[in-house]
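**Student:** Sharing a model prediction with you, sequence too.
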There are 2 protein chains.
Amino acid sequence: MSVLSNRALSAAAAFAPVQDFFFSSRYGERRGDPAICDFTFGNPHEFPLTGLVEAIREHAVPQDQNWYAYKTSEPEPRAFLAQSLSEELGLGFEPDDIALTAGAFGAIALAFGLLLNPGDEVVIPRPGWFCYAPMLRLGNMVPVEAALSPDRFDIDLAALDAAIGPRTRMVVVNSPHNPTGRIYSEVELKAVADLLELASTRIGHRIFLLSDEPYRRIRFDHRPFVSPAEIYPWTLIDYSYGKVLLAPGQRIGYLALSPLMPDKDRQTLRDALFTTQMALGWTFPNAVMQYAIADLEGLTVDVDVLAKRRDRLSGVLEASGYDLLPPEGTFYLFARAPGGDGDALFHALADRDVFVMPGRIMNTPDHFRICLTANDEMIERSLPALREVGMGLG
Amino acid sequence: MSVLSNRALSAAAAFAPVQDFFFSSRYGERRGDPAICDFTFGNPHEFPLTGLVEAIREHAVPQDQNWYAYKTSEPEPRAFLAQSLSEELGLGFEPDDIALTAGAFGAIALAFGLLLNPGDEVVIPRPGWFCYAPMLRLGNMVPVEAALSPDRFDIDLAALDAAIGPRTRMVVVNSPHNPTGRIYSEVELKAVADLLELASTRIGHRIFLLSDEPYRRIRFDHRPFVSPAEIYPWTLIDYSYGKVLLAPGQRIGYLALSPLMPDKDRQTLRDALFTTQMALGWTFPNAVMQYAIADLEGLTVDVDVLAKRRDRLSGVLEASGYDLLPPEGTFYLFARAPGGDGDALFHALADRDVFVMPGRIMNTPDHFRICLTANDEMIERSLPALREVGMGLG
């Protein structure tokens, strides 16, 4: 018998495909090698934004004796975020609706801790981010996948409804969506809200919606964004600055309660934010990152550059036998492997020093994911391999 | 019915005395007021160490494109800590034994996640740190208090043994001990190890020891320190730089596995560190803090200054009717209230603008805690009140 807890074992089992890919696969062997084109994870391949570096250095200089004292969700960043998020989404957030967290991961863990008991079910999208399931398993909760529509990766209302049962406590909506790059329209989200309202009545308790929005500002072609928090009152938003700054190594983000939530529930959640976050392991962001947040708010990677990379890659892929839906946002391009075997494609590309993420890791084995945070040089260098493999496998 | 999870409610109930004290008590009303003498929490009342500020500013400057990429437990700080901890404790730590965490809180949460299932019991000391219980409750685990000996706050072996039952999975040892300042001797720790060995056999599974050592380097009068990791093989150490740097707002610490642990168990835990920490909410420290760790290792608050404050306060308290055991380490001085009512003492001192932590919060209502991180001016200013109240209540 293992000394590990069952929940740690269960989390490890849910994460095993990613862990094996990262540490033990052909990618694991070549990771960090400058000779490869690395399109796997959303990591930077260029120097960080100057403004980020300046903000950290400036706010490291102490202004008072409490500069490095214990920080919770501090009043100034809370007030700042309540105002900026209210302007961005057209909602009336108040400071008490905002919990500062060490990135979106911390905000998701906080939402899970606030709302979920062992045995509770959470509906997550397929394909989708590969950390929802292990995070849930570590809390003895149960992830239930709802497949997105196979053609355009819309939210499939019938699949979502079928995934909801008596133990469902939460549904995760991720828009802009990793890995497909889809941004859901107001019409789609209203249909989801109607469905959750009916389903909550049917199962006899309220289903919450976790709106996972770390890519909210990474949108192409001036596409609009609507948050589920504007539509479904029982929505919690998780956000991270790690994507828009392309700096996931400095952990800063937040959980925000929809101001549309009925007062009683909203106040109950507000009152529990601090204690839950303390009990999760004091998951508040570092002092310096909290001081820096107003300076970081205006910074972003160049989304037009990402759009140009998307266009460059999309053009070559479409001309070479790949089926793809050009992303509307996010860092990712999600395409079907010619021949329908994402693993075969991974290996054929790896033979040519090009590394993508096989769709199997997101339970969609005929697809693969390309990350647009690769630099332009890598992209140009990869094109012959992408063309050759597409033609060969198609 | 509350929308909150039962576990969040249970954590909040366990933390309510602290939360009420911090936010709603007479202390909550006066917190931050420069007119008060604040001896409550271990926060700084002087400007931070220059070396800390310099280290953060220096290591914020990117040296490569991956500077702010996702960070896990990075190889360089792991190797550095394995070596420095090996030298400090005389044990053979390897880099894989070290998990970098966002402070000791994160390390404790990691140990709980690795080893504990819902319903498992963990023995914690009374008096003791007030966050063990809510952290356990959030995971549906059960804290069981074992009283320390009433006179000298030694580990009471009979009480410890009586607290261990069939569901016990872990025992927490905190040395130097918050709030009493006791440092346990090698002889005491050997007796604890023998007890845990026997108890593990008796209940039919291994009991792990969590050695909570954030005050390991805050020791007075050249007192030696022995870690339980040197004695009991199934020991995990949690450590934080937040105490020795007096900078709890910048989160950096670690969990370390005892090198004495049998290979199979040690390897099982090593292999689970990364996934468990990811699933807890990516609880790795910020990139900059990981780069800074070698610079931080040599820094410390002036422990001689803390010892002088201890002596100054101890002298006045002992002359004024308080019973106390002068601390051997930590930031704290734990004394019995003259008359035996810690709450009455709190109010009598609060009437005089002096704020201490009532012992009730640590389940020892006849005592109170004074934090030595107050500055010298505060200490001098508080002495008349401490004298007056001691004489009056005694």
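**Tutor:** Here it is on my side, so go on. None of these values were measured; they are calculated from a predicted model.
**Student:** So, low pLDDT: which residues of chain A?
**Tutor:** For chain A, the stretches flagged by pLDDT under 70 are A:394.
**Student:** rerun at 80
**Tutor:** Low-confidence segments of chain A (pLDDT under 80): A:1, A:393-394.
**Student:** how about the strands in it?
**Tutor:** Secondary structure of chain A (DSSP state E): strands located at A:37-38, A:98-101, A:121-126, A:142-147, A:168-174, A:208-212, A:235-240, A:253-257, A:323-324, A:332-336, A:354-355, A:357-358, A:367-371.
**Student:** Include distance to residue A:155 when you put those strands into a markdown table, please.
**Tutor:** Where C-beta positions appear, they are placed from N, C-alpha and C, glycine not excepted. As requested, the strands of chain A are exported to a markdown table (distance: least, C-beta to C-beta, whole Å):
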| stretch | distance to residue A:155 |
| --- | --- |
| strand A:37-38 | 31 |
| strand A:98-101 | 26 |
| strand A:121-126 | 8 |
| strand A:142-147 | 8 |
| strand A:168-174 | 7 |
| strand A:208-212 | 12 |
| strand A:235-240 | 15 |
| strand A:253-257 | 21 |
| strand A:323-324 | 19 |
| strand A:332-336 | 16 |
| strand A:354-355 | 30 |
| strand A:357-358 | 22 |
| strand A:367-371 | 18 |
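**Student:** Identify whichever of the ones you listed lies nearest to residue B:82.
**Tutor:** Residue B:82 sits nearest to strand A:37-38 of all the strands of chain A, at 28.6 Å, using C-beta to C-beta.
**Student:** Each with direction, which strands does the closest one pair with?
**Tutor:** When sheet partners are counted by DSSP bridges, strand A:37-38 sits next to strand A:354-355 (parallel).
**Student:** re the thing from before, now render the strands of chain A as JSON lines, adding distance to residue B:4 and mean neighbour count.
**Tutor:** Shown next, in JSON lines, are those (distance: least, C-beta to C-beta, whole Å; neighbours: other C-beta atoms under 10 Å in any protein chain shown):
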{"stretch": "strand A:37-38", "distance to residue B:4": "42", "mean neighbour count": "24"}
{"stretch": "strand A:98-101", "distance to residue B:4": "14", "mean neighbour count": "27"}
{"stretch": "strand A:121-126", "distance to residue B:4": "16", "mean neighbour count": "24"}
{"stretch": "strand A:142-147", "distance to residue B:4": "19", "mean neighbour count": "18"}
{"stretch": "strand A:168-174", "distance to residue B:4": "11", "mean neighbour count": "24"}
{"stretch": "strand A:208-212", "distance to residue B:4": "11", "mean neighbour count": "26"}
{"stretch": "strand A:235-240", "distance to residue B:4": "13", "mean neighbour count": "26"}
{"stretch": "strand A:253-257", "distance to residue B:4": "13", "mean neighbour count": "26"}
{"stretch": "strand A:323-324", "distance to residue B:4": "43", "mean neighbour count": "17"}
{"stretch": "strand A:332-336", "distance to residue B:4": "35", "mean neighbour count": "24"}
{"stretch": "strand A:354-355", "distance to residue B:4": "43", "mean neighbour count": "24"}
{"stretch": "strand A:357-358", "distance to residue B:4": "37", "mean neighbour count": "24"}
{"stretch": "strand A:367-371", "distance to residue B:4": "36", "mean neighbour count": "26"}
